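In: would you be able to build a 3D model of this:
(chains A, B, C and D)
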Protein chains: 2
Amino acid sequence: MMATAPITAAGLKKACSQCNLLELCLPFGMDDSDIHRLDELVGARRKIKRQQPLYRTGDPFEAIYAIRIGSFKTDVLLEDGREQVTGFQMTGEILGLDGISTELHSCNAIALEDSEVCVIPYAKLEELARVVEGLQHQFHKVMSREIVRDHGVMMLLGSMRAEERLAAFLLNMSQRFTARGFSSAEFHLRMTREEIGSYLGLKLETVSRAFSRFQDEGFVAVQQKHIRILDSNGLKKLIQHQPGMR
Amino acid sequence: MMATAPITAAGLKKACSQCNLLELCLPFGMDDSDIHRLDELVGARRKIKRQQPLYRTGDPFEAIYAIRIGSFKTDVLLEDGREQVTGFQMTGEILGLDGISTELHSCNAIALEDSEVCVIPYAKLEELARVVEGLQHQFHKVMSREIVRDHGVMMLLGSMRAEERLAAFLLNMSQRFTARGFSSAEFHLRMTREEIGSYLGLKLETVSRAFSRFQDEGFVAVQQKHIRILDSNGLKKLIQHQPGMR
DNA sequence: TCGCGGGCTTGATCCACGTCAACCATGCAA
DNA sequence: TTGCATGGTTGACGTGGATCAAGCCCGCGA
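Out: Predicted coordinates for the structure are as follows:
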């Protein structure tokens, strides 16, 4: 937990209004005058080193976090040690919403690489959301989007076979990289096969085999964590109307 | 969609303030004076017949719904017809949060029995939440709770074996019946084996077999949809530290 | 330069759950 | 009362993905 590195308030003025992640983050859809009011909201930044937690299950909930740099995974642990990765988060995405319900965080958020987040004190956010209508609405949208995303993961875990899951995962990653101005066809995965597997409800060997199979089929070129998508339509076709399955 | 049966405004006065679901529903945690202000919020009630949709994927989002009577399932359909049940909802629980993000509903909400909901126009809710602090906070909690619940389902689908899933499901149902003042040991499931299976990522035969096995072990007495839990500790033990598994 | 370790790949085998199919229970409509 | 439809149970069998195990690749520190 010592990866914290708060920055003095001075250097933070105009945090949101001049952040280039604006269109991906909380302020999306708000007008200029409102966005300037957000600057008072973002209290500090915090740097998290690779493999370090931003927060852990049971930590008191005080703030939500917007990722400025880097990426994270969230996971839930069972008493017997089983891990379920519940999501991977990239720049502009919001972490910590799980904590609102009980005032305690209910999952772990771990940095997949050296990262930096904007700390958004929750009390302040609620306060400002009462005044700035656009912020309130956008915040609700962010939470709702998370719920919809979770339904998608349930669909994945409950009704799709291994290769469909991985194809859906790759297409999702690709689409999110695109939204951030990166190539949709070539990217670097920050997580291990085991973490992908946990997210997709598969063992790492199965993930690895599916990657190899995609490579054989000419859908992708895989080199460790470096992925090149050669035939995204092929992947898309894989997801729909697979012949017989659960 | 013709199952609608709005009621005249007159009969609805004091909708929330004298509703016995208060402590399960949105108003939870608000003080008396605030709760009376909620009465203006709940616009109408709507009756939904068994098997009928409250809303469907793609329907424009206008309101969220609090279940007064009955129960629902929500599901997502894939193009090829595969269904994933994403949740079962009981009295006092909120439906429709999925629609906020895109202004369109992203799942189907189907009544499992003849049911009745309170219609809470979303625009009004946002408005009132800006004034009534307790409502804003409680609404955020409801959304956050949904996110946490979804993480639990992911854990279920991604890391548990068939019998663990069903045990977790039964214990969850039992706990929710208890919270509503019903017996924790004896209850009636409103959904079919197939729907349970879809929710748990299993086929109905597997669900059926797991029920039979639980009965053989003396954990429950099963008679079609009527369930009696005889040994809830047995079920709990089943969930944790099962020997070797995925 | 080498050795080491974490992450990845691949093969052989196993088993939990899916699939297919027959049959039974319940409830409703004629 | 019978007939039919929907939902549930149970058995036999097949298979997708887990498990176990060996070996590879690559980055890093000595």
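In: how about the contacts made by A:Ala123?
Out: Shown in contact with A:Ala123 (CB atoms under 8 Å, 6 or more residues apart in numbering or on different chains): A:Glu62. (Each C-beta comes from the backbone N, C-alpha and C, glycine too.)
In: and it, that's in a strand?
Out: No - assessed with DSSP: H, G, I helix; E, B strand; the rest coil, A:Ala123 is helix; it does not lie in a strand.
In: beta partners of the residue positioned nearest the centre of chain A?
Out: Centroid check for chain A by CA atoms, centre = their mean gives A:Gln89 as the closest residue, at 1.5 Å. Beta-bridge pairing of A:Gln89, defined through DSSP bridges, involves A:Phe72.
In: I figured it hits A:Asp98, correct?
Out: No - in this structure, A:Gln89 is not within contact of A:Asp98 by CB atoms under 8 Å, at 12.0 Å.
In: give the residues shared as contacts by the two.
Out: Common neighbours of A:Gln89 and A:Asp98 (CB under 8 Å, 6+ apart) are A:Thr74.
In: wait, does the least confident helix or strand in chain A by mean pLDDT contact chain B?
Out: Of all helical and strand segments in chain A, the minimum by mean pLDDT, DSSP states H and E falls on helix A:32-38, at a mean of 85. No - against chain B, helix A:32-38 shows no contacts by CB under 8 Å from any CB of the partner chain, the least distance being 14.0 Å.
In: what is that helix packed up against?
Out: Here helix A:32-38 touches helix A:122-131, helix A:133-159, going by 3 or more CB pairs under 8 Å, 6 or more residues apart in numbering or on different chains; DSSP states H and E.
In: buried set for that helix?
Out: A:Asp34, A:Ile35, A:Arg37, A:Leu38 (16 or more other CB atoms under 10 Å in any protein chain shown).
In: now do the residue nearest to the centre of chain A, the pLDDT please.
Out: Looking at A:Gln89, its pLDDT is 98.
In: for it, give its distance to A:Glu79.
Out: A:Gln89 sits 25 Å away from A:Glu79, going by CB to CB, to the nearest Å.
In: what does A:Ala221 give?
Out: In terms of CB to CB, A:Ala221 sits 41 Å off from A:Glu79.
In: show me which of these two is the more surrounded one.
Out: More neighbours surround A:Ala221 than the other of A:Ala221 and A:Glu79, with 14 against 8 (other CB atoms under 10 Å in any protein chain shown).
In: now do the same contact list for that one.
Out: Contacts of A:Ala221 (CB under 8 Å, 6+ apart): A:Gln215, A:Ile227, A:Arg228, A:Leu230.
In: which neighbouring elements make contact with the helix or strand that the least confident helix or strand of chain A is followed by?
Out: Where DSSP states H and E defines the elements, the next helix or strand beyond helix A:32-38 is strand A:44-48. Using 3+ CB pairs under 8 Å, 6+ apart, the elements in contact with strand A:44-48 are strand A:115-121.
In: near chain B at all, the strand it packs on?
Out: No - residues of strand A:115-121 are not located near chain B by CB under 8 Å from any CB, the shortest gap being 13.3 Å.
In: residues making contact with that strand?
Out: A:15-16, A:26, A:41-48, A:50, A:54, A:62-72, A:95.
In: now the nearest residue to A:Phe211 once chain neighbours are set aside: how far from A:Arg165?
Out: Spatial nearest neighbour of A:Phe211, chain neighbours left out: A:Val222 (4.8 Å); criterion: CB to CB, 6 or more residues apart in numbering or on different chains. Shown here: A:Val222 relative to A:Arg165, a distance of 16 Å by CB to CB.
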